[in-house]
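J.: need a 3D model of the following:
(one chain, ligands or ions: 1)
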Amino acid sequence: MSIITVNELRCKKCGICAQSCPVRVIDQGIDGKLPVVTEAKESSCIYCGHCESICPEGALTHRLTTQALEASLDKGSQVSADAMGQYFKNRRSIRQYQSKQVPKEVLEQIFDIVRYAPTGTNRQFNQWVVITEPTQVQKMASVTIDWMRSIVNSNAGLAARYNLEGLIRAFDKGYDNICRNAPCLVIGYTPASYPLGAKDAVIATSHFELLAPSFGLGACWAGFLMMALQNSAEAKKAIGLNEESIVQAALMVGYPKFKYYKVPARNAASITWL
Ligand SMILES: Cc1cc2nc3c(=O)[nH]c(=O)nc-3n(C[C@H](O)[C@H](O)[C@H](O)COP(=O)(O)O)c2cc1C
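T.: Numbering: from 1, shown residues only. I've put the predicted structure just below:
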């Protein structure tokens, strides 16, 4: 059976499916012929499901992408540029959290959307470690500080650049500038052998960050934790990972303690028009 099934009665042979295919495996139906994927081209399909999603007649079904039907274009286009712009501009890095745990079910709902983020050739290699126990989050802050202590002793330049000694001093006095007493951590990783892992994971994690407010949550990138997880085998081991994976992104997540009332000013976009 072919990788795509085309309903003869519905298909108008408009060719949009063929044009939308990023790897051009669909041959456009011309002279009254239906679009096809020849056996020779099947193995090049990246299973992105665009052919099924884009068909205006609902005439095409891809073998593995019945889920594409979930996402209705009508619903998607209801978000106005103004609403979307306001939403994006109002996203803030949240660093103060209520002492309330984030339920697994809420996180699962977010990941169920995040999995639609773009990935290189639709590989979908993103994987996650999620910590929902605040004491475990504190442990990760501590593991990060341990790594910083080792850097202070071994790499003065790096330590100075990030003021690691200051961060360690603050931590020892009870200030967690690493995980900011967040109740939850979301850590994105990919197989070490996959060259586009950093891009894919950062895009997906950005999706997570942007989705968080619509679930009542706030998030903040955990840069120091990321550095530790990328540079210390012990830190990586603490979350159950080894050299087969690379940690690409980390977020602190929790229910915001405060509300933001204004969008802070940002630099104008720097664009070169060619
Ligand atoms: C890669 C990256 C790493 C970051 N690491 C940290 C961090 O370790 N701690 C922190 O409090 N904020 C961190 N941030 C948040 C930035 O400080 C924040 O995005 C910036 O100040 C702008 O504020 P806004 O996100 O509210 O617009 C990080 C942001 C990025 C993109």
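J.: look up how far residue 161 lies from the residue of the chain found nearest the ligand.
T.: Per C-beta to the nearest ligand atom, residue 223 is where the chain lies closest to the ligand, at 2.6 Å. Quick note: C-beta positions are derived from backbone N, CA and C, even for glycine. Residue 223 sits 13 Å away from residue 161, going by C-beta to C-beta, to the nearest Å.
J.: neighbour count for those two, which is higher?
T.: Ranked by neighbour count (other C-beta atoms under 10 Å), residue 223 and residue 161 place residue 223 first, with 12 against 9.
J.: list the contacts for that one?
T.: Going by C-beta atoms under 8 Å, 6 or more residues apart in numbering, residue 223 touches no other residue.
J.: just give me the neighbour total for residue 202.
T.: Neighbour number of residue 202 under other C-beta under 10 Å is 16.
J.: and what of residue 158?
T.: 14.
J.: find the nearest non-adjacent residue to it, please.
T.: residue 151 (5.6 Å; C-beta to C-beta, 6 or more residues apart in numbering).
J.: wait, what's in contact with that neighbour?
T.: Residue 151 is in contact with 158, 159, 164, counting by C-beta under 8 Å, 6+ apart.
J.: for residue 206, same thing?
T.: residue 117.
J.: which of the helices or strands spans it?
T.: helix 197-211 (DSSP states H and E).
J.: can you pull the buried residues of that helix?
T.: 197, 200, 201, 202, 203, 204, 205, 206, 207, 208, 209, 211 (16 or more other C-beta atoms under 10 Å).
J.: confirm for me that the third one is in contact with residue 186.
T.: So that's residue 201. No: using C-beta atoms under 8 Å, residue 201 is not in contact with residue 186; the gap is 10.9 Å.
J.: count the residues that sit near residue 91.
T.: 17.
J.: measure it to residue 184 for me?
T.: Applying C-beta to C-beta, the value for residue 91 to residue 184 is 17 Å.
J.: and if you look at residue 120?
T.: Taken as C-beta to C-beta, the span from residue 120 to residue 184 is 28 Å.
J.: who has more neighbours out of these two?
T.: Each of residue 120 and residue 184 has its neighbours counted (other C-beta under 10 Å); residue 184 has more, 27 against 15.
J.: related to what we said a few turns ago, how about the buried residues of helix 197-211 in a markdown table, adding distance to the ligand and pLDDT?
T.: Converted to a markdown table, those look like this (distance: C-beta to the nearest ligand atom, whole Å; pLDDT from 0 to 100):
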| residue | distance to the ligand | pLDDT |
| --- | --- | --- |
| 197 | 16 | 98 |
| 200 | 15 | 98 |
| 201 | 12 | 98 |
| 202 | 8 | 98 |
| 203 | 13 | 98 |
| 204 | 14 | 98 |
| 205 | 9 | 98 |
| 206 | 9 | 98 |
| 207 | 14 | 98 |
| 208 | 13 | 98 |
| 209 | 8 | 98 |
| 211 | 15 | 98 |
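J.: got a list of what the closest residue to residue 6 other than its chain neighbours touches?
T.: Nearest non-adjacent residue to residue 6, counting by C-beta to C-beta, 6+ apart: residue 34, 4.6 Å away. The neighbours of residue 34, taking C-beta under 8 Å, 6+ apart as the test, are 6, 8, 11, 13.
J.: which one (most neighbours) among the residues you listed?
T.: Neighbour-wise, the contacts of residue 34 (other C-beta under 10 Å) top out at residue 6, 22 neighbours.
J.: phi, psi of it?
T.: Phi and psi for residue 6, reported as degrees, to the nearest 10, are phi -120, psi 130.
J.: surely it and residue 35 touch.
T.: Yes: counting by C-beta under 8 Å, residue 6 touches residue 35, with 5.9 Å between them.
J.: buried sites along stretch 88-101?
T.: 91, 92, 94, 95, 97.
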